[in-house]
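> Could you look at this predicted model? Sequence included:
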Amino acid sequence: MGGQTLTDQGFDLIFRGARTANGWKDQPVSDEILKKIYDDMKWGPTSANSSPLRIVFLKTKEAKERLKPLLMAGNVNKVMTSPVTAILAYDTKFYEHLPFLFPHDNTARSWFEGNAPLIETTAFRNSSLQGAYFIISARAHGLDCGPMSGFDAKKVDAEFFPDGRFRSNFICALGHADSSKTFARSPRFKFEDVCKVL
């Protein structure tokens, strides 16, 4: 696949023209699209193919009502009016799946067992990577995204993951953005402001 590149239209779709959505059109998102988003984002690389991301998609009003009191006030409308809101979490026992996910090294599970700091760091970092792949995939499939961290993670975990195995990383509303509720484009750093080549 080396040497290939997206067209300008593709770059615009997933990066340059994409915006954080703050309001939504009344247009549903099908389960089929959600499956396609996952089926493409799952190919993104993670450490030892650990794939710790777990996703709960909230589509019904009843499901979103469970999340509503756990949100910061500024995020309530964004979630409640979205066709879908995803809770992106990570599995704190992801290493149990390494015999399947990383079969060419049968010692991989032992790298993590009993090492709580390594488990947490690996799960959080790699689920964050997968969360970025999730946003790119959703945009590539024609959806707009409203990712957010303004919520009470401990309460979300207690509500949606009561056995304690999964922990929430961030949430992301999905749908077709109402452009009238989109903020003006905010500035970004230039390459030379934040990058160094050694």
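Alright, I've got the coordinates. Bear in mind that the values here come from a model prediction, so they are computed numbers and not experimental data.
> Nearest the geometric middle of the protein, what residue?
Nearest to the mean C-alpha position of the chain, by Cα atoms, centre = their mean, lies residue 131 at 2.9 Å.
> In this structure it contacts residue 172, no?
Yes - with contact defined as Cβ atoms under 8 Å, residue 131 and residue 172 form a contacting pair (7.4 Å). Using the backbone N, CA and C atoms, a C-beta is placed for each residue, glycine as well.
> what is in contact with the two at once?
Contact criterion Cβ atoms under 8 Å, 6 or more residues apart in numbering; residues shared by residue 131 and residue 172: 88, 147.
> And residue 47, how close does it get to residue 196?
Separation of residue 47 from residue 196 (Cβ to Cβ, to the nearest Å) stands at 25 Å.
> Between those two, which is the more surrounded one?
residue 47 (16 against 6; other Cβ atoms under 10 Å).
> Quick check: chain neighbours aside, which residue is closest to that one?
Take residue 47 and drop its neighbours on the chain: the residue closest to it by Cβ to Cβ, 6 or more residues apart in numbering is residue 126, 5.4 Å away.
> The one you found sits in which helix or strand?
Using DSSP states H and E, the element containing residue 126 is helix 116-140.
> Around the residue lying closest to the residue nearest to the centre of the chain once chain neighbours are set aside, count how many other residues there are.
What sits nearest to residue 131 in space, not counting adjacent residues and going by Cβ to Cβ, 6+ apart, is residue 88, at 4.9 Å. Residue neighbour count, defined by other Cβ under 10 Å, stands at 20 for residue 88.
> what's the answer for residue 69, then?
10.
> Can you report phi and psi for it?
Per-residue torsions, residue 69: phi -70, psi -10 (degrees, to the nearest 10).
> Which of the three states applies to residue 103?
Here residue 103 is recorded as coil under DSSP: H, G, I helix; E, B strand; the rest coil.
> any idea how far residue 42 is from it?
To residue 42, residue 103 is 17 Å away according to Cβ to Cβ.
> And the helices in this structure?
Secondary structure of the chain (DSSP state H): helices at 8-11, 31-41, 61-67, 73-80, 98-101, 108-112, 116-140, 153-160, 191-194.
> Count the residues that sit near residue 32.
Around residue 32 there are 8 other residues, counting by other Cβ under 10 Å.
> ok, it to residue 141 distance?
Noted for residue 32: a distance of 10 Å to residue 141, by Cβ to Cβ.
> Number of residues surrounding the nearest residue to residue 94 once chain neighbours are set aside?
Counting by Cβ to Cβ, 6+ apart, residue 94 lies nearest to residue 52, which is 3.8 Å off, once chain neighbours are set aside. Residues near residue 52, counting by other Cβ under 10 Å, number 28.
> contacting residues around residue 52?
46, 90-91, 94, 122-123, 126-127, 130.
> rerun at 6 Å
Listed by Cβ atoms under 6 Å, 6 or more residues apart in numbering, the contact partners of residue 52 are 90-91, 94, 123, 126-127.
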